[in-house]
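*Asks:* The sequence and its predicted three-dimensional model are supplied below.
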Amino acid sequence: MLTAALLAGLAGNAFGAGLKAGDTFPDLGAFKLEGTVPSDLKGKVVMVDFWASWCDPCKESFPAMEELDKHYHAQGLVIVAVNVDEDRTDMQTFLKKHPATFAVVRDAGQKLVERAGIATMPSSFLVDRTGKIRFTHSGYKGAETKKQYMQEIESLLKTPAP
């Protein structure tokens, strides 16, 4: 019982005092992110994934996000991967090894990271068509997390655009 309580507490702290399910995800354009933020987010289901080049689970999650993007993009999913590396060349080296067709931006000033309360890499938010956070993920546990992503994305895509 104590272990379960500790794990629940740790999971709750993975996002610190930042954003949580039910909150409206902030406007990405307000954070001076390096790169191009997709302009067509209104009415879309959006996955915002925070990652770093040094993060081993991120190396696993990128191919999964690529598959998700290929499978669900036409149905209304937009993926925005937010890099948190201090050095842009670390991000660029990672992307050469793990190419992405979805949007990748860098939060050089760490302002979005701070606002979101990110404490674990990778961390992701699934945002519904109205801009509300519906699901959060801390870490990436391979096929288990990918399956959760698929179920959650499919449930959000069923809701018509406002």
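*Replies:* Received the coordinates, thanks.

*Asks:* Nearest spatial neighbour of Asp40, chain-adjacent residues omitted?
*Replies:* Distance criterion Cβ to Cβ, 6 or more residues apart in numbering; nearest residue to Asp40, sequence neighbours excluded, is Val78 at 7.0 Å. Glycine gets a C-beta too; all of them are placed from N, C-alpha and C.

*Asks:* Now the host helix or strand of that neighbour: average pLDDT?
*Replies:* For Val78, the host element (DSSP states H and E) is strand 77-83. The pLDDT scores in strand 77-83 average 98.

*Asks:* what are the ranges of the strands in the chain?
*Replies:* 45-51, 77-83, 103-106, 123-127, 133-138 (DSSP state E).

*Asks:* what helices or strands is the last one leaning on?
*Replies:* Meaning strand 133-138. strand 123-127, helix 143-157 (3 or more Cβ pairs under 8 Å, 6 or more residues apart in numbering; DSSP states H and E).

*Asks:* So in that sheet, which strands flank the shortest one, and in what orientation?
*Replies:* When sheet partners are counted by DSSP bridges, strand 123-127 sits next to strand 45-51 (antiparallel), strand 133-138 (antiparallel).

*Asks:* Tabulate the strands of the chain (CSV), appending mean neighbour count and distance to Asp27.
*Replies:* Output for the strands of the chain, formatted as CSV (neighbours: other Cβ atoms under 10 Å; distance: least, Cβ to Cβ, whole Å):
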stretch, mean neighbour count, distance to Asp27
strand 45-51, 25, 12
strand 77-83, 23, 12
strand 103-106, 20, 13
strand 123-127, 24, 12
strand 133-138, 19, 13
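
*Asks:* Please name the residues that touch the residue most central in space within the chain.
*Replies:* The structure's the chain has its C-alpha centroid closest to Asp49; by Cα atoms, centre = their mean the separation is 1.7 Å. For Asp49, the contact set (Cβ atoms under 8 Å, 6 or more residues apart in numbering) comprises 61, 65, 79-82, 122-125.
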